[in-house]
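>>> The following comprises the amino acid sequence and a computationally predicted model.
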Amino acid sequence: MKPMGPIPHGFEVLGGELSIGGVAASALVAQAGDTPLFVYSRAGIAERVARLRAAMPPRLRVHYAMKANPYPPLLEMLAGLVDGCDVASAGELAVAQVAGMPAQAISFAGPGKRDRELAAAILAGVTLNLESEAEAARALATAERLGLTPRLAIRVNPDFELRGSGMKMGGGAKPFGIDPERVPALACAIIAAGAQWRGLHVYAGSQALDARAVIDAQGRTLDLAARLAQEIGGPLPYLNMGGGFGIPYFAGDAPLDIEAVGEALAERFAALPPELAVTEFSIELGRWLVGEAGVYLTRVIDRKESRGATFLITDGGLHHMLAASGNFGTVVKRNYPVAIASRFDAAAEEEEEEVTIVGCLCTPLDRLADQVLLPRAEPGDLVAIFCAGAYGASASPAAFLGQGSALEMLV
């Protein structure tokens, strides 16, 4: 038997089943019309935003990192809860605008922006986080051709990393951002060219659960920004401090103490240097805001015994939940939190069995849970994979083997 991650709080039992947003899993599937189905909880997302607001200093703006989950109804909800949105393509930009995100509150990052994407961003009036000197030159040339003043910031490749992060986005040689020693000259060139100077973007890493590591990275980000502002020769208008807040996916993971992070950041904000005295600050979070609010529901199609092992074969799989299969940035396959949604109230003394839950794809990589202990399930039962609100549907190869996309709903 192998352990599973902790089931997030906020999910209850209704008629013996898993309840999401006050509705039983089977009723949600009936409403959607089929499985597999991603379900996102409005209450869960709203609670996360409210908790973050309460923990962080009022001066800090909250941005949603759209790459975590671009589902339009979810974006429309968040547009009324957060202060802005961070996108990484012209496609995401268009969806964010339709969802009601104001252009002046959108920033656009990414190391490979094409000329048409630069043009779309400049026409929309969003902030471009420039990733290289060449990209800056193309953005200025595009703006001149369009006869518009671009809003330009510089993404910095920091000379430190976010310790313990799942994906390190800064420190050392990276395709993201510009090394600190080259930032002042580029910033001065942008200002001299007549662009609207929007400041700096620093993103050191993601999926961190250690509050001390996040506090350290935020402190170093503020120090780096102050130093660069001094070298540029004026107060910094804006600083996107990145994000990196993680959620507990696996056994042994403990939630990030965001209250400790917020307290430390408030102390730093109370003693800012002159270069940052009038700076607008933001933090960009995706997974932390929506990850635990999502559940992937998939139906058991077959129950199979092979050489003493029991397999539950479902109509879902890695083509919808690549991360849960261990094939999205995970070195060692570990189990996400999983439950039999049809028997969510099963008592511990009831019959349990060790099973491996697999998807419908013709590949041995398609394992959603490996050797987990669960109540006995039969064909027709629903399996719930938790922590599915971020990097699920849009981060998985839905077209693989022609299986198609999963359904989604916000409840």
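Received the coordinates, thanks.
>>> How many residues are close by E231?
15 (other Cβ atoms under 10 Å). Yep, even glycine has a C-beta here, placed from its N, CA and C like the rest.
>>> do E259 as well
Residues lying near E259 (other Cβ under 10 Å) number 13.
>>> what's the closest non-adjacent residue to it?
Leaving out its chain neighbours, the residue that sits closest to E259 by Cβ to Cβ, 6 or more residues apart in numbering is A55, at 4.8 Å.
>>> ok, the one you found - contacts?
Contact partners of A55, counting by Cβ atoms under 8 Å, 6 or more residues apart in numbering, are I258, E259, V261, G262.
>>> What's the ChimeraX line that selects buried ones from those?
The ChimeraX selection below is limited to those of the contacts of A55 classed as buried (16 or more other Cβ atoms under 10 Å):
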select :258,261,262
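>>> With adjacent residues omitted, what lies nearest to A193?
Among residues not flanking A193 along the chain, L140 sits closest, at 5.2 Å (Cβ to Cβ, 6+ apart).
>>> And the helices in the stretch 51-200 of the chain?
72-79, 90-98, 115-124, 133-146, 183-192 (DSSP state H, counting those that start in this stretch).
>>> Can you add mean pLDDT, mean neighbour count and distance to V300 and give the ones you listed back as CSV?
Shown next, in CSV, are these (pLDDT from 0 to 100; neighbours: other Cβ atoms under 10 Å; distance: least, Cβ to Cβ, whole Å):
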stretch, mean pLDDT, mean neighbour count, distance to V300
helix 72-79, 97, 19, 27
helix 90-98, 97, 18, 34
helix 115-124, 98, 19, 43
helix 133-146, 98, 17, 49
helix 183-192, 97, 17, 54
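>>> nearest to F38, of those helices?
helix 72-79 (9.9 Å; Cβ to Cβ).
>>> packing partners for that closest one?
Helices and strands touching helix 72-79, by 3 or more Cβ pairs under 8 Å, 6 or more residues apart in numbering; DSSP states H and E, are helix 42-55, strand 84-87, helix 90-98, strand 407-410.
>>> so can I have TSV of those showing distance to N129?
Below are the helices and strands packed on helix 72-79 laid out as TSV (distance: least, Cβ to Cβ, whole Å):
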stretch	distance to N129
helix 42-55	22
strand 84-87	8
helix 90-98	13
strand 407-410	28
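>>> Poorly predicted segments of the chain, please.
Low-confidence segments of the chain, defined by pLDDT under 70: 163-175, 329-332, 347-350.
>>> let's go with 50 and repeat that
168, 348-349 (pLDDT under 50).
>>> ok and the biggest strand by length in the chain relative to helix 72-79, angle-wise?
Across the chain, the strand with the greatest residue count (assigned by DSSP state E) is strand 294-306. Here the directions of strand 294-306 and helix 72-79 differ by 140 degrees (axes from the mean of the first three to the mean of the last three Cα atoms, to 10 degrees).
>>> Partner strands of strand 294-306, with direction?
Strand 294-306 has the following strand partners under DSSP bridges: strand 37-40 (antiparallel), strand 309-314 (antiparallel), strand 382-385 (antiparallel).
>>> Show me how far the second one is from its chain's centre.
In terms of Cα atoms, centre = their mean, to the nearest Å, the centre of strand 309-314 is found 30 Å from the chain centre.
>>> Contacts only, for S41.
With Cβ under 8 Å, 6+ apart, S41 has these contacts: G10, I20, G21, A293, G294, V295, V411.
>>> what's the answer for M409, then?
M409 neighbours (Cβ under 8 Å, 6+ apart): L28, Q31, A32, L37, F38, V39, Y40, P73.
>>> if we go to 10 Å?
20-21, 23, 28-29, 31-32, 37-40, 71, 73-74 (Cβ atoms under 10 Å, 6 or more residues apart in numbering).
>>> Buried ones among these?
With burial judged by 16+ other Cβ under 10 Å, the buried subset of the contacts of M409 is I20, G21, V23, L28, V29, A32, L37, F38, V39, Y40, Y71, L74.
>>> In contact with the fifth one, which residues are there?
This means V29. V29 sits next to T35, P36, L37, V39, L297, T298, R299, A341, L382, L407, M409 when contact means Cβ under 10 Å, 6+ apart.
>>> Apply 7 Å and report the result again.
Residues in contact with V29 (Cβ atoms under 7 Å, 6 or more residues apart in numbering) are T35, L37, L297, L382.
>>> Check the last one too.
Shown here is L74, whose contacts under the criterion Cβ under 7 Å, 6+ apart are Y40, V290, L410.
>>> Specify the beta-bridge partners of the last one.
If I follow you right, that is L410. Y40.
>>> so who does it touch?
Counting by Cβ under 7 Å, 6+ apart, L410 touches Y40, R42, P73, L74, M77.
>>> Go through these and name the one nearest L128.
L74 (24.9 Å).
>>> And that closest one, how close does it get to A193?
38 Å (Cβ to Cβ, to the nearest Å).
>>> Distance to G308 added to the contacts of M409, as TSV?
As requested, the contacts of M409 are arranged in TSV below (distance: Cβ to Cβ, whole Å):
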residue	distance to G308
I20	35
G21	40
V23	38
L28	35
V29	32
Q31	39
A32	36
L37	32
F38	33
V39	34
Y40	38
Y71	41
P73	45
L74	43
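>>> Now stretch 268-279 - C-alpha only, CSV.
Extracted C-alpha coordinates of stretch 268-279, given in CSV (Å, rounded to 0.1, in the frame of the first residue of the first chain):
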residue,chain,number,x,y,z
ARG,A,268,9.2,44.7,5.3
PHE,A,269,6.6,47.1,3.8
ALA,A,270,6.8,49.2,7.0
ALA,A,271,10.5,49.9,6.5
LEU,A,272,10.9,50.3,2.7
PRO,A,273,13.8,52.2,1.3
PRO,A,274,13.1,55.5,-0.6
GLU,A,275,13.4,53.7,-4.0
LEU,A,276,10.3,51.6,-3.1
ALA,A,277,8.3,54.2,-1.1
VAL,A,278,5.7,54.8,-3.8
THR,A,279,5.9,51.5,-5.5
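>>> With that, I have no additional questions.
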